[in-house]
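> Kindly return the folded structure for what I paste below:
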Amino acid sequence: VFIDRGFDTDILKYFEVGYSSVKQRLVIPARDQFYNLVGLIGRAIQHDQIPRYLYSTGFPKRKILFNLHNAKIYDEIIIVEGSLDAMKVHQAGYPNVVATLGAIITDAQMQLVKNYFDCITIIPDNDDAGRAMKDAIMVRARGKEIYLAECPENFKDAADLNSKQIYNIIENKKTLLFE
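Next up is the predicted model:
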């Protein structure tokens, strides 16, 4: 399923993606900024599986940023919504990517961003929730350098893009300024 969506096997190995035959889902481990395993994300592989994402019991979704343990060594961060978006952006050559694991960035997640990074690029999903997340980050990250890299109109999110498209939107990002 991931291969059909353009994910390389090397990226799947890097992110330790597995498969649960019991749940019939791909399994993506999530770690905190100290590399501790904090939970598992089960991603549906069939279109009719609901919900599309299942999180392990006690998953601290609101307190972590997916892939922060790898991204924190960089000065700049790219913020996306989903774990698949983060994996695809990483695959395109940008390992300094984190995912909020939802359309809302929590206070705890925003504090992590502020603690580790001075320069922020946002790649919001192409929907109202994505735009709201972008606006929330802009307001709460005042004093930081903030950029916007938008997905082309006919694409839902970064996971729908290929590496060249991701490169193009990041390299052509716009500065977000407050008026």
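> if you count residues, which helix in the protein comes out on top?
helix 128-140 (DSSP state H).
> Report all helices and strands that that one contacts.
For helix 128-140, the elements it packs on are helix 107-116, strand 119-122, strand 145-148, judged by 3 or more Cβ pairs under 8 Å, 6 or more residues apart in numbering; DSSP states H and E. In this view, the C-beta of every residue, glycine as well, is placed from N, C-alpha and C.
> and the closest residue to residue 169 other than its chain neighbours, how many neighbours?
Among residues not flanking residue 169 along the chain, residue 149 sits closest, at 4.3 Å (Cβ to Cβ, 6 or more residues apart in numbering). Number of residues near residue 149 (other Cβ atoms under 10 Å) recorded here: 22.
> mind checking how far residue 149 is from residue 61?
Going from residue 149 to residue 61 by Cβ to Cβ, to the nearest Å gives 24 Å.
> for residue 111, same thing?
Applying Cβ to Cβ, the value for residue 111 to residue 61 is 15 Å.
> likewise residue 161?
24 Å.
> which of the two has more neighbours?
Higher neighbour count among residue 161 and residue 61: residue 161, with 22 against 18, using other Cβ under 10 Å.
> for that one, phi and psi?
phi -100, psi 160 (degrees, to the nearest 10).
> any idea which helix or strand of this structure has the worst average confidence?
In the chain, no helix or strand scores lower on mean pLDDT, DSSP states H and E than strand 174-175, which sits at a mean of 90.
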